[in-house]
Each structure stands twice: as C-alpha cells, then as structure tokens.
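A.B. asks: The sequence and its predicted three-dimensional model are supplied below.
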Amino acid sequence: MPRAIVLNRADNVATLLDTGQAGDRCTLQGEAAGEVVLAHPVPFGHKVCIKPARAGGDIVKYGQVIGKAARDLAVGDHAHVHNVESARGRGDRVKA
C-alpha cells in the first residue's frame, strides 16, 4: 500500500512516499490520517489531491499556495504540471 505525507493541516495535496497505481489505497501520514484512493498512477514524490480543488482554486502544500488548479480536481487525482499551474519561481508574481 503506497504512503503519502501531508506536511501541514491546511494542505489539499499530499506527497507520495511510494509509487502508486490507479485504484491503490494510499495511507496518509504526517499532519493528516486516513486514506485516499488514487484515481491515476502517481509516481514517487508527486502530489495527490486529498481535498477537491475547483479550477482556478489554490493548491496548498507546506501550508502555502504553490499553484492554481488548471481544471477541477477530485480527491485522488494526480496533481502535477498537467493540471496545476505553478505559482513558485515566477517573476510576474513577485510584488515590489
């Protein structure tokens, strides 16, 4: 059974500690307990949604907004560059 870690209670994604396949029950560790069923294969180190996120909604990891959902995301969805627009490292987001 794959595992994922939640780094802050405000997070809506968890980071996989093991590679998971679609349909796997993934055990949540860290700041959240429980399980999430993976809707897609998720590689080690990638994120899975543990709460739904609407298109344009915040993706939160470490208690910080790291991006915006490019489309509606459901619990168990693989959250990565194909469906999350990054907010990290973008010069156009820096306030002077």
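C.D. replies: Thanks, I have the structure now.
A.B. asks: The most centrally placed residue in the chain bridge partners, please.
C.D. replies: Central residue of the chain (Cα atoms, centre = their mean): residue 13, 2.8 Å from the mean position. Beta bridges link residue 13 to residue 49, judged by DSSP bridges.
A.B. asks: My guess is it contacts residue 48. True?
C.D. replies: Yes - contact criterion Cβ atoms under 8 Å: residue 13 and residue 48 qualify, at 6.5 Å. Bear in mind the C-beta positions are built from the backbone N, C-alpha and C, glycine included.
A.B. asks: Give me the common contacts of the two.
C.D. replies: Common neighbours of residue 13 and residue 48, using Cβ atoms under 8 Å, 6 or more residues apart in numbering, are residue 79.
A.B. asks: quick one: the residue lying closest to residue 3 once chain neighbours are set aside and residue 30, what's the gap?
C.D. replies: Closest residue to residue 3 apart from its sequence neighbours, by Cβ to Cβ, 6 or more residues apart in numbering: residue 17 at 4.4 Å. The gap separating residue 17 from residue 30 is 10 Å, by Cβ to Cβ, to the nearest Å.
A.B. asks: elements contacting the worst-scoring helix or strand of the chain on mean pLDDT?
C.D. replies: Here the helix or strand of the chain ranked lowest by mean pLDDT, DSSP states H and E is strand 84-86, holding a mean of 91. Packing partners of strand 84-86 (3 or more Cβ pairs under 8 Å, 6 or more residues apart in numbering; DSSP states H and E): strand 64-69.
A.B. asks: From residue 42, how far off is the residue nearest to residue 3?
C.D. replies: 11 Å.
A.B. asks: related to what we said a few turns ago, doesn't residue 1 make contact with the residue nearest to residue 3?
C.D. replies: No - contact criterion Cβ under 8 Å: residue 17 and residue 1 do not qualify, at 11.0 Å.
A.B. asks: burial measure for the closest residue to residue 56 other than its chain neighbours, as a count.
C.D. replies: Using Cβ to Cβ, 6+ apart and skipping residues adjacent in sequence, the residue nearest residue 56 is residue 68, 5.7 Å away. Applying other Cβ atoms under 10 Å, we find 16 residues neighbouring residue 68.
A.B. asks: now do residue 23
C.D. replies: Applying other Cβ under 10 Å, we find 11 residues neighbouring residue 23.
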